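Student: My questions are about this predicted structure, shown below with the sequence.
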Amino acid sequence: MKIYLDVCCLCRPFDNQLVPRIRYESEAVIAILNRCSVDWTLIWSYAIIYEVSKIIDGQKNQYLSNLRDRAEICIMVDGAIKNRAELFMGCGIKALDALHLSCAERAGVDFFITTDDKLKNIMSRYRDISTVKVVNPAQWYQEVVDDESENAA
């Protein structure tokens, strides 16, 4: 399974863990990243590299830079990806999020994982423009675990 986590999702473990939603999402992100070390494929992109380079918190920047080493594939941003991002931007998606989605499409990911509710909601309204499934980490990971439990029984 190919997985693309956007930067807001990758940074979730650094957010206020006293908020239950943030804690659940953080736990899910960590579990997803652990699975990417075992049997899932983590996809990275130059859009992620660019966004991470803008993070001034040294600890967060180092953590995210180290995660890049776990990625099996790193997608270059080219003219076709930028053009595709324009389509997403026309739906109301921010430019950098649109680049992430375009990179995820290029990689043929199974799931684009984000904690950004606005992005998830926009993509749920425009499902017909992309094959990429945009999901929340906590909700999606719980579904995966439940499905695996059912299949094992």
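Tutor: Now that the structure is in, tell me what you want to look at. Numbering: from 1, shown residues only.

Student: what pLDDT does E72 get?
Tutor: In this model, E72 is scored at 89, pLDDT.

Student: Equivalent analysis for A153, please.
Tutor: We have a pLDDT of 63 for A153.

Student: now swap in I55 and tell me
Tutor: The model's pLDDT for I55 equals 92.

Student: so how many other residues sit close to it?
Tutor: 17 (other CB atoms under 10 Å). Quick note: C-beta positions are derived from backbone N, CA and C, even for glycine.

Student: Might one say that it is in contact with Y63?
Tutor: No. Contact criterion CB atoms under 8 Å: I55 and Y63 do not qualify, at 9.6 Å.

Student: Return the residues in contact with the closest residue to S130 other than its chain neighbours.
Tutor: Leaving aside its chain neighbours, S130 sits nearest to E105 (6.1 Å; criterion: CB to CB, 6 or more residues apart in numbering). E105 makes contact with R84, S130, T131, V132 under the criterion CB atoms under 8 Å, 6 or more residues apart in numbering.

Student: which stretches of this protein have low pLDDT?
Tutor: 153 (pLDDT under 70).

Student: Let me see the ranges of the helices in it.
Tutor: 7-10, 20-36, 46-53, 58-67, 79-89, 95-107, 117-125, 137-152 (DSSP state H).

Student: Make JSON lines out of the ones you listed and add distance to I73.
Tutor: Output for the helices of the chain, formatted as JSON lines (distance: least, CB to CB, whole Å):
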{"stretch": "helix 7-10", "distance to I73": "16"}
{"stretch": "helix 20-36", "distance to I73": "11"}
{"stretch": "helix 46-53", "distance to I73": "12"}
{"stretch": "helix 58-67", "distance to I73": "14"}
{"stretch": "helix 79-89", "distance to I73": "14"}
{"stretch": "helix 95-107", "distance to I73": "6"}
{"stretch": "helix 117-125", "distance to I73": "21"}
{"stretch": "helix 137-152", "distance to I73": "20"}
